[in-house]
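Asks: Show me the folded form of this:
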Amino acid sequence: MRQADSAILTYHSLDASGSVISVAPDLFRRQMEALAASRVKVVPLEAIFEYPGAVAITFDDGFVNVAEHAAPVLERLALPATVFVVSGYCGKRNNWPTQPAGIPQLPLMDWTALRGLPPLFSLGAHTVNHPDLSDLSVADMEREVRDSREEIQQRSGRAVMSFAYPYGSMNAPASALVRREFSIGCGTRLDFAKADSDRAIVPRLDTFYLRSTGWFRQPFGSVYRSYIGLRRWMREVRRNGYTR
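Replies: Below is the predicted model:
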């Protein structure tokens, strides 16, 4: 019998700017309340393949507003989550050199804030400087990936078992490195996580496309699966380079 698919949700910033990386805090709260009220199991990212039909929650970049708005909601609802940290920018803003125009520049959590996240939060590596890994030499790529993990572990005191590719961009050396170094690597392809998904390049569902709380009440319903499939097709047709 075919195993049920799972879903890994991607958030970035919780703010009211309306940008492509932003979800309003009140909408996030309502989404999480709907998810908690559903019968769907919400699990830590590293356990997503142990529980077919489950959901995992992730936040890329480590914005201060995640600690302000997400942490209290998730702690109240007892929902685990993972924050992917750009180690070289902790306590700074998301103004790394590869940042596309039009993205709001917002403060990122410092090490004290990361250490203060509730125990339900795990930390993942998101490189040191948020580069496009496919543009780097193998040596530079290894430094970005390994140095990020090492600093996060040393400064936070939390084990780092997961990785997210900046912009979802990778090549064969990058995915091979992540496969060796981490238990799971997350990309940005808009799709469900399947039993046979490559553990080094697992697809996620960008919540930019999930504005309705209806999806969170029934994330694996046929109507919503069709919607995700259409969105994925449209996204891949119109996009040749930039991935959020």
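Asks: Give the buried residues for the lengthiest helix in the chain.
Replies: For the chain, the helix that runs over the most residues, judged by DSSP state H, is helix 138-156. For helix 138-156, the neighbour count (16 or more other Cβ atoms under 10 Å) marks M141, E144, V145, D147, S148, R149, E151, I152, R155, S156 as buried. Every residue, glycine included, has its C-beta placed from N, CA and C.
Asks: distance of the last one from F84?
Replies: Computed as Cβ to Cβ, to the nearest Å, the S156 to F84 distance reads 13 Å.
Asks: do the same with H69
Replies: 17 Å.
Asks: who's more crowded, those two?
Replies: Comparing H69 with F84 by other Cβ atoms under 10 Å, the one with more neighbours is F84, at 27 against 20.
Asks: Low-confidence regions, the chain specifically.
Replies: Scanning the chain for pLDDT under 70 picks out 1-3, 239-244.
Asks: Run a quick neighbour tally on G18.
Replies: Residues lying near G18 (other Cβ under 10 Å) number 9.
Asks: er, S22 I mean
Replies: 21.
Asks: do the same with S17
Replies: Number of residues near S17 (other Cβ under 10 Å) recorded here: 12.
Asks: Likewise for L230?
Replies: Using other Cβ under 10 Å, L230 has 11 neighbouring residues.
Asks: List the buried residues of whichever strand or helix holds it.
Replies: In this structure, L230 sits in helix 222-238 according to DSSP states H and E. Buried residues in helix 222-238, counted by 16+ other Cβ under 10 Å: Y224, Y227, I228, R231, R232, R235.
Asks: CA-only coordinates of that helix in PDB, if you can.
Replies: The C-alpha trace of helix 222-238 is given here as PDB (Å, rounded to 0.1, in the frame of the first residue of the first chain):
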ATOM      1  CA  SER A 222      -8.100  16.300  -2.800                       C
ATOM      2  CA  VAL A 223      -9.100  19.900  -3.600                       C
ATOM      3  CA  TYR A 224      -6.100  21.300  -1.900                       C
ATOM      4  CA  ARG A 225      -3.800  18.700  -3.400                       C
ATOM      5  CA  SER A 226      -5.000  19.800  -6.900                       C
ATOM      6  CA  TYR A 227      -4.500  23.500  -5.900                       C
ATOM      7  CA  ILE A 228      -0.900  22.700  -4.900                       C
ATOM      8  CA  GLY A 229      -0.200  20.900  -8.100                       C
ATOM      9  CA  LEU A 230      -1.500  23.800 -10.200                       C
ATOM     10  CA  ARG A 231       0.500  26.300  -8.200                       C
ATOM     11  CA  ARG A 232       3.600  24.200  -8.600                       C
ATOM     12  CA  TRP A 233       3.100  24.000 -12.400                       C
ATOM     13  CA  MET A 234       2.600  27.800 -12.700                       C
ATOM     14  CA  ARG A 235       5.600  28.500 -10.400                       C
ATOM     15  CA  GLU A 236       7.900  26.300 -12.400                       C
ATOM     16  CA  VAL A 237       6.800  27.600 -15.800                       C
ATOM     17  CA  ARG A 238       7.400  31.200 -15.000                       C
END
